[in-house]
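Enquirer: Here's my sequence, what's the structure:
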Amino acid sequence: MLRALGFTGGGVAGVSVNQDSALSFAAVWACVQAISQDLAALPFVIYQDTGDSKEVRKDHPAYRLLNQQANPKQTSFQFRQSMLATVLLRGEAFALIERDGRQSPVALHYKHPDRTEVLEKDGRFWYRFDGDTKRLPYADYEVIHLRGLSLSAGRGISPLHAHRKTIGLGLANQNYGINFYEKGARVDGVMLHPTKFKDAGVAERLRNQFESNYSGTGGSRVLMLEEGIKYEPISIAPKDAEFLNTHKLSRAEIASIFRVPPHKIGDMDSSIKANIEQQAIEYIQNTLQPWAVNIEQEFRLKLFRAAEIATTKGKHNFNGLMRGDSQARGAYYREMLNTGVMSINDVRDLEEMNPVEGGNERFIQGAMVPLSRINDIIDKQTAPAVTTTTPNEDAPEA
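Expert: So this is what the prediction gives:
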């Protein structure tokens, strides 16, 4: 199984690519940290859809597990971040669902992929975990199994396996840079002398003097040369060897693998203030939301009862990320208020403010008429006019 997931070792460009080494590459760490942290920080709302209204179900057993504490060792944030970070790196993530006597979920226990055995029989998955004393394997409904990209209905593909060469090149490039700067104050060059040294110890003494002065990343030093020796550096800088360009290319490729905008990993070359907000919105729509749907569907199938699935849903609340700056937020709220989509208390709730009396009423643009009076006003405006006649004073008496 591990060979299929790409974690049995193997070197690329002289470095081993695995979960630990990949995370040591700053671009990989930044991408995994951004996606897993941003999604785990979002509230996971469980609500019941009756058709006419939606009621938040804070009393649902899964609500506490996904918003407060998933298991005795992890908060909900820590659990959800661990699951997403694992599936981002490994293509799959697992969690055992602990249930009570009424079959309600009471804990979600994260399971490392290296200690998980996945079996397939009769079109279903079955699971075994190292150290578990259970005789029979767990059925699919007892295990949360998040999967990334898959070319079949089976296992998820590990990005580290699929992009081993790209990540390996980035690691090799990073290691080269580290090695260069560890010895960077030493400038490669040659010492020229017109004749052969008479004293054999002179060359050794000069080499030791040079290395003691110029090894490491200290400040500038003066090198004293003897007997007419001239020093000529051979300047092959990292930039001349396209080191910096290769490093930037590796970071950009890693960002594209995880669909993360460059500014999220600290690459500001292609980002300006005017387009960062648009990139942030695209990041939410194109990166976070697909992962959110993936997670929501798995949680819904595994944590809700069969009778609940038709009416009970769980969703990440993206309102906090989508609000933008105060000016854009104000314009958005005005539009929602003027069209009757949101009430004043809806807006106050998004701004984490207490509700006000009468704030649940919604209005429409114009005279700001409450929606509850719309039918009365329409009836009054469309009712036929009632005409009355008055006696004609000039009419002759009968």
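
Enquirer: How about the secondary structure of the closest residue to residue 295 other than its chain neighbours?
Expert: Leaving aside its chain neighbours, residue 295 sits nearest to residue 146 (6.5 Å; criterion: CB to CB, 6 or more residues apart in numbering). C-betas here are computed from N, CA, C, even on glycine. At residue 146 the chain is in strand, as set by DSSP: H, G, I helix; E, B strand; the rest coil.

Enquirer: For residue 146, list each beta-bridge partner.
Expert: Residue 146 has these beta-bridge partners by DSSP bridges: residue 93.

Enquirer: Pull up the gap between it and residue 55, please.
Expert: Distance, residue 146 to residue 55, by CB to CB, to the nearest Å: 28 Å.

Enquirer: Show the model's pLDDT score for the residue nearest to residue 295.
Expert: On the pLDDT scale, residue 146 is placed at 95.

Enquirer: ok, it - how many residues close by?
Expert: By other CB atoms under 10 Å, 21 other residues sit near residue 146.

Enquirer: I'd guessed it sits against residue 298; true?
Expert: Yes - Residue 146 is within contact range of residue 298, at 5.8 Å (criterion: CB atoms under 8 Å).

Enquirer: Low-confidence ranges, the stretch 101-250 of the chain, go.
Expert: Residues of the stretch 101-250 of the chain meeting the criterion pLDDT under 70: 153, 162-200, 202-203, 206, 209-249.

Enquirer: go with 80
Expert: 151-154, 158-250 (pLDDT under 80).

Enquirer: domains for this structure, by residue range?
Expert: Domain segmentation of the chain under automatic domain parsing yields 1-183+237-321, 188-234, 323-383.

Enquirer: how far away is residue 25 from residue 257?
Expert: Taking CB to CB, one finds residue 25 at 12 Å from residue 257.

Enquirer: go on, residue 321?
Expert: Residue 321 is 22 Å from residue 257, by CB to CB.

Enquirer: And for residue 326?
Expert: When CB to CB is the yardstick, residue 326 and residue 257 sit 34 Å from each other.

Enquirer: who has more neighbours, these two?
Expert: A direct count of neighbours by other CB under 10 Å for residue 326 and residue 257 places residue 257 higher, at 18 against 8.

Enquirer: could you point out which element follows the helix or strand that contains the more buried one?
Expert: Taking DSSP states H and E as the criterion, residue 257 maps to helix 243-258. Tracing the chain past helix 243-258, the next element assigned as helix or strand by DSSP H and E is helix 273-283.

Enquirer: Pull out the buried residues from that following helix.
Expert: For helix 273-283, the neighbour count (16 or more other CB atoms under 10 Å) marks 279-280, 283 as buried.

Enquirer: closest to residue 374 among those?
Expert: residue 280 (37.4 Å; CB to CB).

Enquirer: Let me see the confidence value for that closest one.
Expert: 81.

Enquirer: my read is residue 64 is in a strand, agree?
Expert: No - Residue 64 is assigned helix when assessed by three-state DSSP, not a strand.

Enquirer: What's the local residue count around it?
Expert: 16.

Enquirer: mind checking which helix or strand the residue lying closest to residue 141 once chain neighbours are set aside is in?
Expert: For residue 141, ignoring the flanking residues on the chain, the nearest one in space by CB to CB, 6+ apart is residue 302 at 6.2 Å. Assigned by DSSP H and E, residue 302 falls within helix 289-303.
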